[in-house]
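J.: fold the following.
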Amino acid sequence: MEINYLFFEINYKEYIRIIILSIVEGITEFLPVSSTGHMILVSNLLNFNNNRTKMFDIIIQFSSVIVVIFFFKTTLLKIIKQIINRSNDKNINFFTGHIIICLIPIGILGLFFHKKLEQLSNINNIILSLLWGSIALTISEFLKSNKLKKRINYFQAFIIGCIQCLSLFPGFSRLGTTIFSGSLLKINRCVIIEFSFIMSIPLMCSTSILSIIDNIESLKLSDIPILITGILTTSIILMTIGKKCLLFIKYKSLKLIIIYRLILMTIIYFYFK
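T.: Take a look at the predicted model:
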């Protein structure tokens, strides 16, 4: 059913699809289950996977950056003060330099192979990534300890960045790869999770901008209301459950997450095969 009102075209089926995608993004963004992988799967199930809907996905995911900034504003302000004062604040577990070094490996891959990396977004890669990501999280569980190092050095930041390149495969999870690398490097989980989200701000902004540039022609003025709907829905869900998700992954066992990933992998394998 479609209704034309002024220059906006309201397609209720499209609105329902966007709301579903926004809910999926809001639930999965703060958990190591791969929000990108879930968005691809749900888009396929809803038959909502052309270039125009890719733009919707990008902008919906971009809205999560705003919530991340809000949740981690205290740490961000400390980092900004550290940049302005050029000080080495002992109350900060990582600095701007660590974030930049960490972003170098994935930034190089994203910059030079951006279009080729988009080809990784297929069902087979999601299945394999869910499996290997689950193995990585299982290893993290065995190595977990809240008594480990709370400060990140430059070498560790670079290693984290290299391991994060695995998250280019939808289904692996950027957060999951960071937790895994933190456990290998014996870094406190609370610290590595905070580092993951702070680092995701420039990473998600840059990837979103590149994708928007590639697909901008597919957007129309009439898409504005539906985009606002998606952004608001995602933001509300993230603001509602985001902190609970963060507390869960910081202090609780990830066994339920691992089991969920394996069950999802099995369902996808039999459904899409």
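J.: helix or strand with the lowest mean pLDDT in this structure?
T.: strand 2-5 (a mean of 43; mean pLDDT, DSSP states H and E).
J.: which other helices and strands contact the helix or strand containing residue 24?
T.: According to DSSP states H and E, residue 24 maps onto helix 12-28. When contacts are defined as 3 or more Cβ pairs under 8 Å, 6 or more residues apart in numbering; DSSP states H and E, helix 12-28 packs onto helix 35-45, helix 51-71, helix 224-251. Just so you know, the C-beta spots here come from the backbone N, C-alpha and C atoms, and that holds for glycine as well.
J.: repeat that for 10 Å
T.: Contacts defined by 3 or more Cβ pairs under 10 Å, 6 or more residues apart in numbering; DSSP states H and E place helix 12-28 against strand 2-5, helix 35-45, helix 51-71, helix 224-251.
J.: going by neighbour count, which residues of the third one are buried?
T.: Residues of helix 51-71 classed as buried: 53-65, 67-68, 71 (neighbour count, 16 or more other Cβ atoms under 10 Å).
J.: by contact count, what packs against it?
T.: helix 12-28, helix 35-45, helix 73-85, helix 189-215, helix 224-251.
J.: buried ones in the fourth one?
T.: This points to helix 189-215. Under 16+ other Cβ under 10 Å, the buried positions of helix 189-215 are 189-201, 203-204, 206-208, 211, 214-215.
J.: other SSEs contacting that helix?
T.: Partner elements for helix 189-215 (3+ Cβ pairs under 10 Å, 6+ apart): helix 51-71, helix 73-85, helix 96-112, helix 114-117, helix 123-143, helix 154-164, helix 174-184, helix 224-251.
J.: after the last one, which helix or strand is next?
T.: Right, the one you point to is helix 224-251. Assigned by DSSP H and E, the successor of helix 224-251 is helix 255-272.
J.: which residues sit against that next one?
T.: The contact list for helix 255-272 (Cβ atoms under 10 Å, 6 or more residues apart in numbering) reads 31-34, 37-38, 41, 44-45, 122-124, 126-131, 133-138, 140-141, 171, 173, 176, 179, 248-249, 254.
J.: show me the shaky parts of the stretch 101-250 of the chain.
T.: 114-115, 117, 145-149, 211, 214-216, 218-219 (pLDDT under 70).
J.: residue 16: which of the helices and strands packed on helix 189-215 is closest?
T.: helix 224-251 (10.2 Å; Cβ to Cβ).
J.: show me what that closest one is packed against.
T.: Looks like helix 224-251 contacts strand 8-11, helix 12-28, helix 51-71, helix 174-184, helix 189-215, helix 255-272 (3+ Cβ pairs under 10 Å, 6+ apart).
J.: quick one: it to chain centroid distance?
T.: 12 Å (Cα atoms, centre = their mean, to the nearest Å).
J.: what is the rounded mean pLDDT of stretch 262-273?
T.: For stretch 262-273, the mean pLDDT works out to 88.
J.: between the helices and strands packed on helix 189-215, which one is nearest to residue 20?
T.: helix 224-251 (9.3 Å).
J.: what angle do that closest one and helix 255-272 make?
T.: 130 degrees (axes from the mean of the first three to the mean of the last three Cα atoms, to 10 degrees).
J.: check contacts around residue 133.
T.: Neighbouring residues of residue 133 by Cβ under 10 Å, 6+ apart: 32-34, 37, 166-167, 169, 171-173, 176-177, 180, 257-258, 261, 265.
J.: give me that answer again for 6 Å
T.: Residues near residue 133 by Cβ atoms under 6 Å, 6 or more residues apart in numbering: 172, 173, 176.
J.: roughly how far does residue 12 sit from residue 225?
T.: Distance, residue 12 to residue 225, using Cβ to Cβ, to the nearest Å: 12 Å.
J.: er, residue 119 actually
T.: 32 Å.
J.: these two: which is more packed in?
T.: residue 225 (14 against 9; other Cβ atoms under 10 Å).
J.: starting at the chain centroid, how far to stretch 36-47?
T.: The chain centroid and the centroid of stretch 36-47 are separated by 15 Å under Cα atoms, centre = their mean.
J.: list the contacts of that stretch.
T.: Counting by Cβ under 6 Å, 6+ apart, residues outside stretch 36-47 touching it are 17, 21, 24, 28, 49, 57, 121, 126, 170, 171.
J.: ok, and the most crowded of those?
T.: Counting by other Cβ under 10 Å, top hit in the contacts of stretch 36-47: residue 171 with 31 neighbours.
J.: many thanks, we can stop here.
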